[in-house]
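Peer 1: sequence and predicted model, in that order:
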2 protein chains.
Amino acid sequence: MAETRETLTADYNTLLAKARDLFVLGWTQSLVSWDMETKMPPRGIALRSEQLAQLSQIGYRMATDPEVGKLLDKIEKNPNYETLSELEKRNVYLVRKNYDEQTKLPEKLVVDTAKQQAIAIDVWKKAKAAKNYSLFSPELEKLFELRKQAAEILMGVKKTATPYDALLDLFEPRVLSDQIAKVFSELRGSLVSILQKCVASPKQPDLSVIQRKVPANNQEEISKELARFLEYDIESKNAGGRIDTTEHPFTTGYYDDVRITTHYYEDLPASSLFSVMHECGHAIYEQNLNRDWMYQPIGVSSGYGFHESQSRFVENIVGRSPEFWTHFLPKLKSLTSNVFADVDLDRFVHAINQVRPSKIRVEADEVTYCLHIIIRFEIEKALFEGKVKVAELPGVWNQKYMDYLGVKIENDSEGVMQDTHWASGYFGYFPSYALGNIYSGQLLHKLDTELPSWRQQIIEGNFHDAKQWMAKNVHSYGALYDPVDMLKKITGEEINPTHYINYLNTKFSKLYEY
Amino acid sequence: MAETRETLTADYNTLLAKARDLFVLGWTQSLVSWDMETKMPPRGIALRSEQLAQLSQIGYRMATDPEVGKLLDKIEKNPNYETLSELEKRNVYLVRKNYDEQTKLPEKLVVDTAKQQAIAIDVWKKAKAAKNYSLFSPELEKLFELRKQAAEILMGVKKTATPYDALLDLFEPRVLSDQIAKVFSELRGSLVSILQKCVASPKQPDLSVIQRKVPANNQEEISKELARFLEYDIESKNAGGRIDTTEHPFTTGYYDDVRITTHYYEDLPASSLFSVMHECGHAIYEQNLNRDWMYQPIGVSSGYGFHESQSRFVENIVGRSPEFWTHFLPKLKSLTSNVFADVDLDRFVHAINQVRPSKIRVEADEVTYCLHIIIRFEIEKALFEGKVKVAELPGVWNQKYMDYLGVKIENDSEGVMQDTHWASGYFGYFPSYALGNIYSGQLLHKLDTELPSWRQQIIEGNFHDAKQWMAKNVHSYGALYDPVDMLKKITGEEINPTHYINYLNTKFSKLYEY
């Protein structure tokens, strides 16, 4: 059959219908996982793993359907290809990228990796409980070798300089390890400097103003009030969100059904408070995607880094600011029967911004957080370059924690085994966390220019305009651009840690009077 | 290839692997529906209907996979077919039955029906809230037409006398509308007679002993206590169940993950109490299926009628008995801060067994309940015979309620829109409710013979032996037999309303002293 503008349109529409199927199935997978984490009776786990394996298989078959490959070939070779709009071309590009990533790996490698992931996670849990890395090391080694094989194949597909770059590209497209190394190097120096100044300062926070007991039901009311402030609707008849409890908070969903989770530790009310703000940042992103692009490849977020920029913006730049607490501290007092009655704004804001070297990433403050990430990135890079072996990870890990953070790791459960990412085979994921913080600084710099009144609005209890700015400049663009291009479009810049460093310096020099 | 005993085994195993896939997918469908009813944010409905339609399509393709048809043909024609065990033959029979039912329906009809179901349920909720049948009628009409198309096709497959019989067969295999009409006719006469005697009796219950305000959180504690008594575990680290809230209570799940729902009306504590017992009856059935048959076609319940026999046995034969309340009334008193402190056993048991004509099926007493079902059966039959139109349902409904129960329906929310079944497209489902009650009477008759101490055990707070009797005689047989055959096997009888009528007469003649 001759390839015409008509066949191009028909092929494109068929391709998009297939992408739509994959999107709908993806939300079913997410929902079934959400239920497993939040609602499933414990005995349900065996049946649940059958369900998840089945959905994963159905999704894999949809994504690797040879018909998709044929449609892509036809569309790309159609003499009228250039008549497609920018949006249409981007949709084709995104389907192609996913199709190649999925189909170029031999089925045996995919199956072996899935099996080894399950084994490694299981063993990781046991080894972590036993504080015994030597149990975990052989299984992690096998998983690493499988991911390395995949990385080597993907390197050929993506034409990246190194296998590790091919994995990074899965999480942060076209951001390369050399560039990350350069950016992280600059960031690391500044963070260590800020950290040292904070630690050396005679002005230290009084943690007693936040370490107070707040019953779980009061913390739930605080969550609802935070959601109201952030315009994440969980209450109205037209609500598109909900909050449940899990040990590890997360966000799942798209558009009209975006769910967050938190945990309520009665002795640590700040934990849930900032978790909720963090997850609301993710949720707001999903809820403000461009509705016209729903079900299309471009109709999802721009990726891990930008997602983290949104959650960290809400959690830290907004949520740990004096402006927010000028508004919210009175509410917190009234929602907790005046548990915080004696607390004044300055002491409270300093306490929630305590800077101190620590061992656990997910509990780290704004200044040290990226140092935890940088350590992981450096280790991953060395691992893929063959400069360090899996069995040697604890030594390397502990040395870096001593060098950068000055903390002594007592056992590997609070060290190299603290995160689930490597046990899950997610090599290349960690850098996006720090990139997200860097992006948040660049976005903040632009927001300050374009909406200079936004901090005053927060004092007045109005997050709407700042949210709309993010929706307009970030959320609504979906996956139309790769992160680096979107960053350029919004800020005119490449990845640049300067603004984030400036933000931290301004904030912490005031708090710690250095 | 020659058909041998080896190819028979191989084909059978392949067939069962495909049946297993269908079982796993079925639980995903149920879970996604459960979430829609219990947890989904309201705005999620559009995406949810896409998901349900997709899962329905995937399930349809699995069930109608031509490979299944080929395997069935090969197995059935294999000269060694007779060497299959009874269980294996039954598995083959059940796959064949489902395959024929599914393959004869065009895929478009199946997908359109799934979509229209989601729309009709959503509109039903809104129309019911607005007491406005005219909102609902057009969507119900569309759904009815789709189900009628399916019924007409299935009539040819099943070789039933009418399209409606073909739908009945989906819920209660081999039980036909003529037989139902005959059994219901006998039942109706007896029920009307008992109803009249109760209404005419000078001894009437004092409802003030149950019409007391009980806060929702106390009702939740009552639910938990009921679940403990019934051995439906929702609390332990190995729990296989959970209780959530929905307007219309239901049960969903299999084996290790069986979930019930209820509603907590503070002024009507009895409503949730008996709903929970009812749904626990369903849940216990699913949890006591034969584990060796899990994922096999025979590894599910025997069908709707037997399911209802179990829920009604627990709700009424146990739950509204003086024996149960001898045990449970003290617990109720202590769980409700003595709201019921002044209540004595006899007055309480009479009050929870009040007989009176009413409008709402799910709130109906034991005597009138089946009259509600008989009305629905007659309407469905007339609908499929073309003797009444969807738009005319309110008039027909209201007239029958006046004729049989003597009650005047004030609006369609308490009339024709009270149930979700038609909004879900479940035409042919209702008769199973009354059949379940009839079966429960037949099972009770047998239980009284084989475990004469069971009522004394209930007084002592022990439901275990009665539950085990049901597990051994009903639950563990799964779908090995059609309901009529299982009834014959357990009781030696055909469908026979006599025992149920006798049970009611014995019970209510004592309570009402007629």
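Peer 2: On my side now, so go ahead. Numbers count the residues shown, from 1 in each chain, chains lettered A, B, ... in the order given.

Peer 1: A:Leu167: which element?
Peer 2: helix A:163-171 (DSSP states H and E).

Peer 1: got it, and A:Phe377?
Peer 2: Element membership for A:Phe377 (DSSP H and E) is helix A:366-384.

Peer 1: cool, A:Gly253 as well?
Peer 2: strand A:251-254.

Peer 1: wait, does that strand contact chain B?
Peer 2: Yes: interface with chain B: strand A:251-254 contributes A:Tyr254 (CB under 8 Å from any CB of the partner chain). In this view, the C-beta of every residue, glycine as well, is placed from N, C-alpha and C.

Peer 1: which residues does that strand contact?
Peer 2: For strand A:251-254, contacts defined as CB atoms under 8 Å, 6 or more residues apart in numbering or on different chains pick out A:23, A:27, A:30-31, A:33-34, A:241, A:258-261, A:279, A:282-283, A:286, A:289, A:294, A:300, A:311, B:47.

Peer 1: now do the same contact list for A:Lys237.
Peer 2: Contacts of A:Lys237 (CB under 8 Å, 6+ apart): B:Pro42.

Peer 1: strands along chain A, start to end?
Peer 2: Using DSSP state E, the strands of chain A run over residues A:241-245, A:251-254, A:257-262.

Peer 1: format those as CSV; extra columns: mean pLDDT and mean neighbour count.
Peer 2: Shown next, in CSV, are these (pLDDT from 0 to 100; neighbours: other CB atoms under 10 Å in any protein chain shown):
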stretch, mean pLDDT, mean neighbour count
strand A:241-245, 97, 20
strand A:251-254, 96, 22
strand A:257-262, 98, 26
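
Peer 1: circling back to that earlier point, tilt between the helix holding A:Phe377 and helix A:163-171?
Peer 2: 130 degrees (axes from the mean of the first three to the mean of the last three CA atoms, to 10 degrees).

Peer 1: packing partners for helix A:366-384?
Peer 2: Applying 3 or more CB pairs under 8 Å, 6 or more residues apart in numbering or on different chains; DSSP states H and E, we find helix A:366-384 packed against helix A:133-158, helix A:163-171, helix A:177-200, helix A:393-400, helix A:431-450, helix A:498-512.

Peer 1: can you show me the CA trace of it as CSV?
Peer 2: Presented in CSV, the C-alpha positions along helix A:366-384 are these (Å, rounded to 0.1, in the frame of the first residue of the first chain):
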residue,chain,number,x,y,z
GLU,A,366,18.0,20.3,53.0
VAL,A,367,21.7,20.9,53.2
THR,A,368,22.9,17.4,53.6
TYR,A,369,20.3,15.6,51.5
CYS,A,370,22.1,16.0,48.2
LEU,A,371,25.3,14.8,49.8
HIS,A,372,23.6,11.4,50.4
ILE,A,373,22.7,11.3,46.7
ILE,A,374,26.1,12.4,45.5
ILE,A,375,27.7,9.5,47.5
ARG,A,376,25.3,7.0,45.8
PHE,A,377,26.0,8.5,42.4
GLU,A,378,29.8,8.3,42.8
ILE,A,379,29.5,4.7,43.9
GLU,A,380,27.2,3.7,41.0
LYS,A,381,29.6,5.3,38.6
ALA,A,382,32.6,3.5,40.0
LEU,A,383,30.7,0.3,40.0
PHE,A,384,29.8,0.5,36.3
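
Peer 1: now do the buried residues in it.
Peer 2: Using 16 or more other CB atoms under 10 Å in any protein chain shown as the burial criterion, the residues of helix A:366-384 that qualify are A:366-384.

Peer 1: equivalent analysis for stretch A:482-497, please.
Peer 2: Of the residues in stretch A:482-497, A:482-484, A:486-487, A:490-491, A:495-497 count as buried by neighbour count, 16+ other CB under 10 Å.

Peer 1: just the ones of those residues in helices?
Peer 2: Applying DSSP state H to these, the entries found in helices are A:483-484, A:486-487, A:490-491.

Peer 1: for those, which one is nearest B:Ala63?
Peer 2: Among these, A:Pro483 lies closest to B:Ala63 (CB to CB), at 43.0 Å.

Peer 1: mind checking how far the closest one is from A:Asp165?
Peer 2: 15 Å (CB to CB, to the nearest Å).

Peer 1: contacts for stretch A:376-387?
Peer 2: A:144, A:148, A:151, A:162-164, A:167, A:177, A:180-181, A:184, A:388-390, A:393, A:396-397, A:400, A:419, A:427-428, A:430-431, A:434.

Peer 1: so which of those reach chain B?
Peer 2: Counting by CB under 8 Å from any CB, no member of those reaches chain B.

Peer 1: just the buried subset of these, please.
Peer 2: Among these, those classed as buried by 16+ other CB under 10 Å are A:144, A:148, A:151, A:162-164, A:167, A:177, A:180, A:184, A:388, A:390, A:393, A:396-397, A:400, A:419, A:427-428, A:430-431, A:434.

Peer 1: ok, the residue lying closest to A:Glu88 once chain neighbours are set aside - how many residues close by?
Peer 2: If the residues on either side of it in the chain are set aside, A:Glu88 comes closest to A:Tyr12, at 6.3 Å by CB to CB, 6 or more residues apart in numbering or on different chains. A:Tyr12 has 20 neighbouring residues, counting by other CB atoms under 10 Å in any protein chain shown.

Peer 1: is A:Tyr12 in contact with A:Ser85, as I believe?
Peer 2: No: with contact defined as CB atoms under 8 Å, A:Tyr12 does not reach A:Ser85; the gap is 10.3 Å.

Peer 1: over in the stretch 201-350 of chain A, which residue gets nearest chain B? Let me know.
Peer 2: Going by CB to the nearest CB, chain B is nearest to A:Asp257 of the stretch 201-350 of chain A, at 3.3 Å.

Peer 1: report the beta-bridge partners for that residue.
Peer 2: According to DSSP bridges, the residues that bridge with A:Asp257 are A:Tyr254.

Peer 1: tell me the contacts of it?
Peer 2: Taking CB under 8 Å, 6+ apart as the test, what A:Asp257 contacts is A:27, A:240-241, B:40-41, B:43-44, B:47-48.

Peer 1: quick check: residues of chain A near chain B?
Peer 2: So chain A meets chain B at A:21, A:24-25, A:27-28, A:31-32, A:35, A:39-44, A:46-48, A:50-51, A:54-55, A:58, A:234, A:237-242, A:254-259 (CB under 8 Å from any CB).

Peer 1: looking at those, which are in helices?
Peer 2: A:21, A:24-25, A:27-28, A:31-32, A:35, A:46-48, A:50-51, A:54-55, A:58.

Peer 1: residue ranges with poor pLDDT in the stretch 1-150 of chain A?
Peer 2: Along the stretch 1-150 of chain A, the model assigns pLDDT under 70 to residues A:1.

Peer 1: OK, contacts around A:Pro431?
Peer 2: A:168, A:171-172, A:175, A:180, A:184, A:373, A:377.

Peer 1: out of these, the closest to chain B would be?
Peer 2: A:Phe171 (25.4 Å).

Peer 1: thought the closest one was touching A:His307?
Peer 2: No: the criterion here is CB under 8 Å, and A:Phe171 misses it with A:His307 at 10.4 Å.
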